[in-house]
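>>> predicted model, plus sequence, below.
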Amino acid sequence: TLFTRNTARSNGGGIFNWNSSSPSMINSTMYGNTATNGGAFYNIGVSSPVISNAVIWGNSPLLSDQSAIISYSNVESPSFYPGTGNLKSNPLFYNVDDADGPDNIWGTSDDGLTLLAGSTASNSGNNGAIPAGITGDISGTVRIQQGTVDRGAYEGSSCTQSVLYVDNSISRSGNGGTWATAFKEVREALAVASQCSNVNTIHVAKGTYLPTDDGDRDVTFPILRGGLKIYGGYPSGGGTRNAAVNATTLSGDLGNAFDNSDNSYHVVVIAGVGAGADSLVLDGFIIKGGNANGSAMAKNYNGFGVQRNEGGGLYLRSNAANGKVAIRNCVIFDNATGTYGGGFLNHLSSPSITNCVLTNNQASSGAGMFNFNNSSPAISNSIFIQNTAQATGGGMYNWNNVSPIILNCTFTGNVATHGGAIANTSATPVVTNSIIWNNSSSFNDETATVTYSIVDRTLLYPGTGNLKSNPSFLNPADPNGADNIFGTAETA
């Protein structure tokens with residue numbers, strides 16, 4: 001059953017229960033109802049409705065009365081509504097501005113209060129709550145399509161838009177189809193993209209985005225397929241993209257801003273992008289606040305284990321090579337781990353990395369970046385600056401059959417006990433046209449092939465065209481310049 005856009009001058013926009021009235025409601029949707037008290041429903045006189053598999057969202061005022069017994073429902077309320085299986089996450093309606101759909105007939109498959117693919121209300125209800133004999137939804141669609149009933153009046157979800165928009169300056173999430181109807185959260189767009197192979201682009205406006213609001217440190221921004229281009233750097237409301245001006249941040253800072261002990265273990269996880277897929281592009285983001293200080297026990301992403309104690313900022317696991325994953329124009333900073341890969345970890349992954357800055361990341365080894373186990377990224381026009389490793393590889397640590405290609409990059413101000421800039425174990429990086437200067441040390445050995453580069457060390461690093469003379473940075477005391485933006489003309 002559907003309760004929508006009803007208005008009460010006093011109590012209960014959707015339903016008013018009075019004098020021991022306790023209706024049972026299964027698979028109902030309550031949206032857009034208004035009242036002075038209880039937008040969705042209002043209960044008095046020992047009334048206590050029993051509600052299951054429902055979507056109660058977008059009503060005014062929000063549901064604050066906790067006299068109802070609610071389970072397996074998406075409930076918008078000032079605080080989490082108690083009950084088994086309840087969620088406080090946006091159900092992602094298809095189009096709330098056209099609730100009865102283009103045919104203007106309620107209870108048909110084009111209704112705007114159907115669910116988008118990726119909705120947390122999809123395949124998450126309680127099958128046992130469905131009354132005997134109920135085999136369809138409000139539109140006649142077969143009820144239970146993928147093993148577990150959907151929440152709300154409609155069964156099934158839709159994949160319609162190929163391009164999604166995200167803007168956290170809007171008051172309420174739409175269906176993501178335009179800037180005017182944008183999603184409010186990046187996580188909503190990624191959820192839809194994970195279920196809809198036709199989604200090929202996500203545009204994200206400036207602002208700070210979190211992977212979750214509930215403080216669960218296991219929650220990340222997961223990107224688990226190719227054929228997807230994700231661009232940050234748009235102004236609020238859309239317009240000309242400029243990532244340097246319109247800072248677009250993916251943050252793992254879930255709780256206290258001054259305490260990273262409650263931050264996400266990983267900010268972004270990219271796993272299982274196959275060789276048959278079109279490329280995945282992540283372009284124009286600040287990635288900060290990951291703290292991989294959990295256990296070595298792995299969480300599964302796309303069938304691959306990602307350990308909670310490594311890879312604080314970006315964790316790339318088992319992705320196809322040959323440019324299938326591209327990270328561009330990103331600033332990766334203020335991420336940490338007690339083991340490997342504070343800012344960036346590649347495990348069986350060889351992405352292309354272009355025009356990126358890795359700074360102020362911390363780890364035991366590979367504070368800026370850790371390349372492990374047949375991971376050979378191609379890195380160009382990027383800066384590794386002021387990363388700190390307690391042991392090995394302040395800027396980068398390469399280990400176990402790893403041969404990254406480093407072209408036109410700068411390593412400066414990085415610190416480690418061994419290999420302040422770059423450290424290698426069973427690895428052979430190729431460094432060209434780069435500057436490695438004013439780190440606690442340059443390399444831990446001479447296994448790297450270095451040419452046409454400036455390397456700060458007592459003896460000239462062997463290789464064609466190498467120098468050991470001061471590169472004369474513009475202002476090393478202010479590396480991101482007066483505008484505090486890396487990658488502009490005034491950067492050191």
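That came through, no problem.

>>> for the residue lying closest to Ala117 once chain neighbours are set aside, what are phi and psi?
Nearest residue to Ala117, sequence neighbours excluded (CB to CB, 6 or more residues apart in numbering): Gln195, at 3.6 Å. (Glycine included, C-beta is placed from N, CA and C.) Main-chain torsions, Gln195, degrees, to the nearest 10: phi -100, psi -20.

>>> what residues are up against Gln195?
Neighbouring residues of Gln195 by CB atoms under 8 Å, 6 or more residues apart in numbering: Ala117, Gly118, Ser157, Cys159.

>>> switch the cut-off to 10 Å
Going by CB atoms under 10 Å, 6 or more residues apart in numbering, Gln195 touches Leu116, Ala117, Gly118, Ser119, Ser122, Ser157, Ser158, Cys159.

>>> now do Leu314
Leu314 touches 220-221, 223, 250, 266-270, 282, 285, 287, 290, 327, 330, 332, 335, 341, 343-346, 349, 351, 353, 356, 358, 369, counting by CB under 10 Å, 6+ apart.

>>> next: Val166.
Counted by CB under 10 Å, 6+ apart, Val166 has contacts 173, 176, 179, 182-190, 202-205, 207, 209, 230, 232, 234, 248.

>>> the same query, at a cut-off of 6 Å, please.
Ala182, Phe183, Val186, Ala189, Val204 (CB atoms under 6 Å, 6 or more residues apart in numbering).

>>> now do Leu190
Leu190 touches nothing, counting by CB under 6 Å, 6+ apart.

>>> below-threshold pLDDT in the stretch 351-492 of the chain: ranges please.
Scanning the stretch 351-492 of the chain with the threshold set as pLDDT under 70 gives 489-492.

>>> 90 - rerun?
Residue ranges of the stretch 351-492 of the chain with pLDDT under 90: 444-446, 458, 474-492.

>>> ok, now the stretch 51-200 of the chain?
In the stretch 51-200 of the chain (pLDDT under 90), the answer is 63-66, 78-80, 109, 145-146, 156-160, 172, 174.

>>> those strands in it, which residues are they?
Here the stretch 51-200 of the chain has its strands, by DSSP state E, counting those that start in this stretch, at 55-57, 69-71, 74-75, 115-116, 157-158, 163-166.

>>> now the helices for the stretch 251-400 of the chain?
Ranges of helices within the stretch 251-400 of the chain: none, based on DSSP state H, counting those that start in this stretch.

>>> chain neighbours aside, what residue packs nearest to Ala308?
Not quite, residue 308 is Arg, not Ala. Gly294 (3.0 Å).

>>> separation between the one you found and Leu250?
19 Å (CB to CB, to the nearest Å).

>>> for those two, indicate the residue with more neighbours.
Leu250 (29 against 17; other CB atoms under 10 Å).

>>> ok so, going back, from the contacts of Gln195, which would you call buried?
Leu116, Ala117, Gly118, Ser119, Ser122, Ser157, Ser158 (16 or more other CB atoms under 10 Å).

>>> closest to Lys468 out of these?
Gly118 (53.9 Å; CB to CB).

>>> I'd guessed that closest one sits against Ala193; true?
No: with contact defined as CB atoms under 6 Å, Gly118 does not reach Ala193; the gap is 7.4 Å.

>>> quick revisit: now tabulate the buried ones among the contacts of Gln195 in CSV and tack on distance to Ser21.
Converted to CSV, the buried ones among the contacts of Gln195 look like this (distance: CB to CB, whole Å):
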residue, distance to Ser21
Leu116, 34
Ala117, 37
Gly118, 36
Ser119, 31
Ser122, 31
Ser157, 33
Ser158, 36
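
>>> which of those sits closest to Phe16?
Out of these, the member with the shortest distance to Phe16 (by CB to CB) is Ser119, at 28.7 Å.

>>> roughly how far does the closest one sit from Gln145?
Counting by CB to CB, the gap from Ser119 to Gln145 is 13 Å.

>>> quick one, what contacts Thr339?
Per CB under 6 Å, 6+ apart, neighbours of Thr339: Asn309, Glu310, Ser364.

>>> just name the most buried of the strands of the stretch 51-200 of the chain.
strand 55-57 (a mean of 29; mean count of other CB atoms under 10 Å).

>>> just checking: what are the partner strands of that strand?
strand 29-31 (parallel), strand 74-75 (parallel) (DSSP bridges).

>>> those strands: which one's closest to Gly107?
Using CB to CB, the strands paired with strand 55-57 put strand 29-31 closest to Gly107, at 11.3 Å.

>>> let me see the mean pLDDT of the closest one.
When pLDDT is averaged over strand 29-31, the result is 97.

>>> partner strands of whatever helix or strand comes next after that strand, with direction?
For strand 29-31, the succeeding helix or strand toward the C-terminus, using DSSP states H and E, is strand 41-44. Sheet pairing of strand 41-44 (DSSP bridges) gives strand 15-18 (parallel).

>>> from Thr212, how far out is the residue nearest the centre of the chain?
Residue closest to the mean C-alpha point of the chain, counted by CA atoms, centre = their mean, is Phe221 at 2.3 Å. Distance, Phe221 to Thr212, using CB to CB: 10 Å.
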